[in-house]
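# The sequence and its predicted three-dimensional model are supplied below.
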Amino acid sequence: MPARRPRPPIIALTALLAAASGCILDADPPNLAPVIEALNAMPALVEPDSSSVVTAQASDPEGAGLDYRWNTTAGCFTAGFYEAI
């Protein structure tokens, strides 16, 4: 009695499973968002023609450096020295 030939869909499925079983995902883990540890404004309520000192403390969970950017919906930031420690 002659040997039975495998059916084409079974061969294709077997080949697909064999190929997929050897695949390893080598993707980088997702970038985690920085963590804001403290955010303060003194005074918190700013009257017209007055000022406030704003400080922030943040860190990156992965240890990368951070850039700080400030913006305001009213008023402006004065020219001066802004220190990132």
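Good, I have the coordinates. Residues are numbered from 1 along each chain as shown.
# Show me where this structure has its strands.
35-42, 53-59 (DSSP state E).
# which of the ones you listed has the lowest average pLDDT?
Of all the strands of the chain, the minimum mean pLDDT falls on strand 53-59 (a mean of 89).
# Dump the strands of the chain into TSV; add mean neighbour count and distance to residue 28 as well.
C-betas here are computed from N, CA, C, even on glycine. Converted to TSV, the strands of the chain look like this (neighbours: other Cβ atoms under 10 Å; distance: least, Cβ to Cβ, whole Å):
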stretch	mean neighbour count	distance to residue 28
strand 35-42	10	20
strand 53-59	12	20
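# Let me have those in a markdown table, extended by distance to residue 65.
Output for these, formatted as a markdown table (distance: least, Cβ to Cβ, whole Å):
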| stretch | distance to residue 65 |
| --- | --- |
| strand 35-42 | 14 |
| strand 53-59 | 10 |
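# wait, which of the ones you listed is closest to residue 78?
The closest of the strands of the chain to residue 78 is strand 53-59. By Cβ to Cβ, the value is 11.1 Å.
# which other helices and strands contact that closest one?
Counting contacts by 3 or more Cβ pairs under 8 Å, 6 or more residues apart in numbering; DSSP states H and E, strand 53-59 packs against strand 35-42.
# Okay then, goodbye and thanks.
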